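K.L.:
would you be able to build a 3D model of this:
(2 chains)
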Amino acid sequence: DSGVTQTPKHLITATGQRVTLRCSPRSGDLSVYWYQQSLDQGLQFLIQYYNGEERAKGNILERFSAQQFPDLHSELNLSSLELGDSALYFCASSDVNTGELFFGEGSRLTVL
Amino acid sequence: DQQVKQNSPSLSVQEGRISILNCDYTNSMFDYFLWYKKYPAEGPTFLISISSIKDKNEDGRFTVFLNKSAKHLSLHIVPSQPGDSAVYFCAAPPPQGGSEKLVFGKGTKLTVNP
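P.N.:
Next up, the predicted model:
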């Protein structure tokens, strides 16, 4: 158990819909990262938040957005979903001292 | 542009033998490399790392070798155990710094047969 909690674990929805994935970092960690793992891709960095503010942006589509709340949990919003958005979405938080990343179990999104 | 490449999607070895997982990178500015291990239905977990000032780092049954001139690193597991069956990702933080933007390979699925 990494201490990073993600919900839901599985989600099936239709094209054009919008979903929200939720992540709670490890206690004491201020940074939250979102990654996408598609079938034919490695883990792709999407976005990072640090203490409520966006810190770094990766290959995140404009249809996707994220935020980190005062209690440090984060949400990744995916809208106008397409078949190609089907993937595993991982959240991670980093140890404030070592920088080591701790990943959640992921949310598997299936777009039909 | 895949800066970190794991060209073998899968590898199968017998229990007790050596597993060698390979990783190539294109950016010569990478100076730190990590290996992550991922079991089904779990997130990746950190396994072992190596700095570019070293050519070898060993931790128990796991050893990572770095060949900077060839831009190649490998993870050796010896002896391999069935519990090592997992997907292994090679990763590197970008030269501009920040582990947040770790660049991952596509992963190699290792199966260790009893």
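K.L.:
now residue 48, which residues is it bridged with?
P.N.:
With no chain named, the answer covers chain A. residue A:33, residue A:56 (DSSP bridges).
K.L.:
um, chain B though
P.N.:
For residue B:48, the beta-bridge partners under DSSP bridges are residue B:35.
K.L.:
tell me the strands beside the helix or strand hosting residue B:87, with direction?
P.N.:
Per DSSP states H and E, residue B:87 falls inside strand B:86-92. Under the criterion DSSP bridges, strand B:86-92 sits next to strand B:32-38 (antiparallel), strand B:103-104 (antiparallel), strand B:108-113 (antiparallel) in its sheet.
K.L.:
list the contacts of the shortest one.
P.N.:
Residues outside strand B:103-104 that contact it (C-beta atoms under 8 Å, 6 or more residues apart in numbering or on different chains) are A:35, A:42-45, B:3-4, B:36, B:89-94. C-beta here means a position set from N, CA and C on the backbone, and glycine is covered the same way.
K.L.:
among the strands paired with strand B:86-92, show the one with the smallest mean pLDDT.
P.N.:
When the strands paired with strand B:86-92 are ranked by mean pLDDT, strand B:103-104 comes last with a mean of 88.
K.L.:
residue contacts, residue B:31?
P.N.:
Contacts for residue B:31 (C-beta under 8 Å, 6+ apart) come out as B:51-53, B:95.
K.L.:
among those residues, which two are most distant?
P.N.:
B:53 and B:95 (14.8 Å; C-beta to C-beta).
K.L.:
which residues of chain B lie near chain A?
P.N.:
Proximity of chain B to chain A (C-beta under 8 Å from any C-beta of the partner chain) is limited to residues B:2, B:4, B:6, B:41-46, B:89, B:91, B:98-107.
K.L.:
and if we set it to 7 Å?
P.N.:
Chain B has residues B:41-46, B:89, B:98-102, B:104-107 near chain A, with proximity defined as C-beta under 7 Å from any C-beta of the partner chain.
K.L.:
most neighbours of all those residues, which one?
P.N.:
Neighbour tally across these (other C-beta atoms under 10 Å in any protein chain shown): the maximum, 29 neighbours, falls on residue B:44.
K.L.:
would you map the strands across the chain?
P.N.:
Just going to use chain A. Under the criterion DSSP state E, chain A contains strands at A:5-7, A:10-13, A:19-24, A:31-37, A:43-50, A:53-57, A:64-68, A:74-78, A:87-94, A:101-103, A:107-111.
K.L.:
my question was about chain B
P.N.:
B:4-5, B:10-14, B:19-25, B:32-38, B:45-51, B:56-59, B:62-67, B:72-77, B:86-92, B:103-104, B:108-113.
K.L.:
now the farthest one out in chain A, which residue is it?
P.N.:
Relative to the centre of chain A, the most outlying C-alpha is that of residue A:97, 22.0 Å out, by C-alpha atoms, centre = their mean.
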